[in-house]
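> Next come a sequence and a model predicted from it.
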Amino acid sequence: MAGSNDQGNDGWTDMSQREMTSTVECVSRRAFLRRAALASAALGLLACAPAAPAGPTAPAAKPAEAPKPAATTAPVAAAPVEAPRRGGELVFVVSAEPDTFDGHKSTTFANIHPVAPHYNTLVKFDPDNYPKIVGDLAESWTLSPDGQSYTFKVRDGVKFHDGSAFSSRDVKASYDRIINPPQGVVSARKQAFAAFEAVEAPDPRTVVFKLKYPSPGALQILATPFSYIYSAAALERDQTFPEKNILGTGPFTFVEYVSGSHWVGKRNEDYWDKGKPSPSAESGPTSSSAALRPRPVTSWSRRWGTRSPSKKAPGLQ
């Protein structure tokens, strides 16, 4: 019986050991798989985690500054300016001759170049501040509230080159000739003055321009450089007088004109704008881009191309 029990016990013991071994192996296998899964998950989290910020770095060194120039101890001296002095001649060359001496009739700057220095206009464009308009023979002017009347006060003490006195009468006669040209007279800018109805001269120093309707450009039209102021007395004698004769109030008096050669004027010593012509310039007759040097002028001449002089025009009669 004892032997039987011993064999039974041994069998039970062997079975128990095999079951325990199997259990341990199962536990060990499950633990390994669980640990491997945890390790894989940990590696995945590490792979997805952001990188640690880099440690602080030293700031970049500033570029070296270029050496500053040494301070100038004294300013550069300005070039000396030549003092104005009377005398000299202004000579300039162009290739065209005037079609007529009459600015009211002409449409070319070949007229302006030689003829304009002998005349004045009522108002003009400021050559130093274009398109500002300034007075020439006009001292001042006003515009009526309705915009249909300009009233000008003209200069006193102005004389034509023949010694006759200038007045508002000369302004009226000149603009009447432009706005309503008489028979036989061509007015190149008549249409430009379409807004002008009449010109009045109520006293020797007052001129009034009446407009048909307000015209914003009326003053600019009056400043046309071709609108020379002629002598009313000369126009009364002959309305075509300005076509072949020069009689103005300008800074230069006429000397001579030789067709194909030159046109010469002389400083008007009785000019109303005292001290003028102001210092101008002198240029060589062979090049329009010749060097210029300041000089007051007492005479001027204009020359045309290289053609031989033709017959002189005596006094432009």
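It's in. Please read these numbers as outputs of a predicted model, since none were measured by experiment.
> Residue 90: how many residues sit nearby?
21 (other Cβ atoms under 10 Å). C-beta here means a position set from N, CA and C on the backbone, and glycine is covered the same way.
> typed the wrong thing, it's residue 163
Using other Cβ under 10 Å: residue 163 sits among 7 other residues.
> and if you look at residue 162?
When counting by other Cβ under 10 Å, one arrives at 11 neighbours for residue 162.
> before we move on, what about residue 143?
Residues near residue 143, counting by other Cβ under 10 Å: 15.
> Name the nearest residue to it, ignoring sequence neighbours.
Using Cβ to Cβ, 6 or more residues apart in numbering and skipping residues adjacent in sequence, the residue nearest residue 143 is residue 150, 5.7 Å away.
> can you map out the strands along this protein?
Taking DSSP state E, the strands of the chain run over residues 89-94, 123-125, 133-135, 138-143, 149-154, 196-203, 206-211, 252-258, 262-267, 280-282, 293-295, 299-304, 312-313.
> For the last one, give the mean pLDDT please.
Translated: strand 312-313. When pLDDT is averaged along strand 312-313, the result is 41.
> going forward can the numbers begin at 32, since that is how I track them
In the new count, where the first residue is 32, that last one comes out as strand 343-344.
> in terms of contact, does the residue nearest to residue 174 touch residue 172 like I think?
Yes - applying Cβ atoms under 8 Å, one finds residue 181 in contact with residue 172, separated by 5.8 Å.
> And residue 254, how close does it get to residue 280?
Separation of residue 254 from residue 280 (Cβ to Cβ, to the nearest Å): 17 Å.
> right, and the strands of the chain - which one's nearest residue 140?
For residue 140, the closest of the strands of the chain is strand 120-125, at 8.9 Å, according to Cβ to Cβ.
> what's the angle from that closest one to strand 283-289?
Per axes from the mean of the first three to the mean of the last three Cα atoms, to 10 degrees, the angle that strand 120-125 makes with strand 283-289 is 50 degrees.
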